[in-house]
Each structure stands twice: as C-alpha cells, then as structure tokens.
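> predicted model follows, preceded by the sequence.
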Amino acid sequence: MSAATFGTRAIAACASGLFFCLAALGGASAQDVVPAPVDGTALLAARAIAMPIDGVQGPALQDTFTDRRTGGSHEALDIPAPRGTPVHAVDDGKLVKLFTSVPGGLTVYQFDPAGRLAYYYAHLDRYADNLHEGMALRRGDVVGYVGTTGNAPPNVPHLHFAVFLLDADKRWWKGTAINPYPALRQLP
Ligand SMILES: [Zn+2]
C-alpha cells in the first residue's frame with residue numbers, strides 16, 4: 001500500500017470513529033497508547049485533605065514548599081505549633097511506615113486509600129499511643145505530637161508536612177513531591 005493510499009484509508013477510517021482511527025494509523029492497540037501523566041495536584045485536591053493541626057487556619061499558612069534548604073528544595077510545608085500539639089491524619093488511609101531519619105527525626109508515612117498519595121509527617125516529638133505499621137487511619141486520627149526531632153531548630157517546634165505522588169511500585173520513601181499549600185490554604 002502506498003503512503004497516499006494509506007493516508008486516504010486512514011482519513012476515511014478516522015471519520016467513522018476514534019477506535020478505527022487508531023486502528024488505521026499504524027494498527028495501534030489500546031496497550032500502545034501511552035497514558036497521560038497523573039496530575040498529582042488534581043489528585044490531592046480531590047482528596048480534600050484536612051488540616052493536620054487543630055486551630056490553624058489555611059490563610060495563616062506560609063508556603064514554604066520552594067524554600068531552599070540544606071540538601072535542596074524544601075518540598076514541604078512547615079506548620080509552627082507548640083511542642084506537644086497533636087498532629088492529625090489529613091486523610092483516611094493506611095499507616096505504612098514509622099521511620100526515624102537524620103533530617104526528619106520521628107516520622108510517619110501514610111498512604112491514601114487508593115495508594116496513590118503518601119502523606120509525610122516529620123519532626124514529631126513522639127508518636128501517638130498504639131501506633132503501628134499497617135494500621136488503618138481515619139482522617140483526624142492523632143498520629144503524633146509536634147516536636148523538633150531531626151534537623152528542626154530546638155527552639156522552633158513545627159510539623160514538617162509533605163505529600164508525594166507515589167511511583168507505580170509504591171515505595172513509601174520514593175515519589176514526586178506535591179505542594180500541599182493550595183489544598184490547605186483554602187481551609188477555614
Ligand atoms: Zn520542613
């Protein structure tokens with residue numbers, strides 16, 4: 001078949017519908033169609049997350065996501081609060097990891113119900129009682145208390161809160177950072 005003949009047939013097929021259009025243009029099957037990239041910000045907006053600290057109003061938050069910090073971009077929000085203030089799960093889901101790291105100190109990793117997003121709570125003073133990996137979390141559950149563990153200045157207790165769009169292999173420590181500021185900013 002010549003290129004001209006193919007072109008004519010492709011146009012005719014396209015006129016009869018998308019499926020036939022794809023079939024005509026080189027025999028592409030559904031499996032060959034590259035999925036559109038996931039919009040993490042839209043995904044997060046759809047979850048309608050809650051404020052992790054009681055009494056903090058969205059408009060009072062500072063957007064610290066793009067701040068330069070030791071080791072690169074901050075990629076998180078810092079929410080100042082007195083030491084010992086309860087930190088609440090922002091969404092339903094599952095507690096996947098309790099982890100102590102040099103920068104983050106005492107941390108919690110939570111997945112959303114679909115396992116698409118990870119929520120990260122860091123610099124905790126201590127965990128909530130009876131917290132364990134694999135447990136279900138409900139929005140509002142206390143996961144820990146504000147502190148300065150890790151690299152937080154000892155006189156500036158705050159919650160370091162981050163959101164990640166998980167990779168296909170859903171490793172709790174790996175993902176693409178999403179700025180939670182727009183989602184939290186709109187909360188009263
Ligand atoms: Zn931080």
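That came through, no problem.

> show the contacting residues for whichever residue of the chain sits closest to the ion.
The ion sits closest to His160 of the chain, with a gap of 3.4 Å, by Cβ to the ion. (Glycine included, C-beta is placed from N, CA and C.) By Cβ atoms under 8 Å, 6 or more residues apart in numbering, His160 lies in contact with 76-78, 104, 120-123, 150, 152.

> which of these come close to the ion?
Restricting these to those near the ion by Cβ under 5 Å from the ion leaves 76, 78.

> quick check: the two most widely separated of the contacts of His160?
Maximum pairwise distance in the contacts of His160, criterion Cβ to Cβ, is 15.5 Å, between Leu77 and Gly150.

> distance check, the nearest residue to the residue of the chain closest to the ion once chain neighbours are set aside against Thr100.
Sequence neighbours aside, Ala122 is the residue nearest to His160 in space, at 4.0 Å (criterion: Cβ to Cβ, 6 or more residues apart in numbering). Distance from Ala122 to Thr100, counting by Cβ to Cβ, to the nearest Å: 10 Å.

> overlap in contacts, these two.
Contact criterion Cβ under 8 Å, 6+ apart; residues bridging Ala122 and Thr100 by contacting each: 106-107, 149.

> in strands only, show me the residues you listed.
106-107 (DSSP state E).
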